[in-house]
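S.K.: Return atomic coordinates for the entry below.
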Amino acid sequence: MAFGGSEHHPHRILNYSVSLLVLLLLAYAAFFSWQSRRDVESEQSGRLATIAELDGNALDVYFTQLEIGMRSLGMDLTGTGKKFDPERAYTLVSRFQKLHAELGSTILIRADGQVLLTGKVHNRKDLPTLAQDPQF
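M.R.: Presented below is the predicted three-dimensional model:
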């Protein structure tokens, strides 16, 4: 018994199968690309988090060392218990400035805003005051 469309039927199934196979391959390629991109983004995100954590730790260490150095400088400046000695203070502040060259300038300022000395300029009588500066 012969059907009217039996000759076209195998070709139709073959065309349908090839189309389905192409669609499946495209879907697999899209899924694989998406998954690969997600993995790469996840890896990059992990790396950035690690870098941020290391940067944070390095900054904590740096500022802790700077705090210790400033505390030590303050103790050295006030350690004599005598009258303020500008030459000794200049030597101490200059040493601190050399140890922390990343700081633009080290300035010793009295509580009322008067600049007492800096690490770059040797002691002199006409150092400026910051008392009038609104940011002080």
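S.K.: show me what contacts residue 51?
M.R.: Residue 51 makes no contacts at all, as judged by Cβ atoms under 8 Å, 6 or more residues apart in numbering. C-beta here means a position set from N, CA and C on the backbone, and glycine is covered the same way.
S.K.: For it, grab phi and psi.
M.R.: phi -60, psi -40 (degrees, to the nearest 10).
S.K.: This structure: strands as residue ranges?
M.R.: Along the chain, counting by DSSP state E, strands occupy 107-109, 115-118.
S.K.: helices and strands around the longest one, which ones?
M.R.: If I follow you right, that is strand 115-118. helix 86-99, strand 107-109 (3 or more Cβ pairs under 8 Å, 6 or more residues apart in numbering; DSSP states H and E).
S.K.: How far off centre is the longest one?
M.R.: Read that as helix 86-99. How far helix 86-99 lies from its chain's middle: 31 Å, per Cα atoms, centre = their mean, to the nearest Å.
S.K.: Stretch 20-36 now?
M.R.: 39 Å.
S.K.: Identify the residues contacting that stretch?
M.R.: Residues contacting stretch 20-36 (Cβ under 8 Å, 6+ apart): none.
S.K.: Show the average pLDDT along it.
M.R.: Averaging pLDDT along stretch 20-36 gives 94.
S.K.: same deal with stretch 100-113?
M.R.: Stretch 100-113 comes out at a mean pLDDT of 79.
S.K.: and what of stretch 75-88?
M.R.: On average, stretch 75-88 scores 76.
S.K.: per-residue confidence for residue 119?
M.R.: 67.
S.K.: Fine by me, thanks again.
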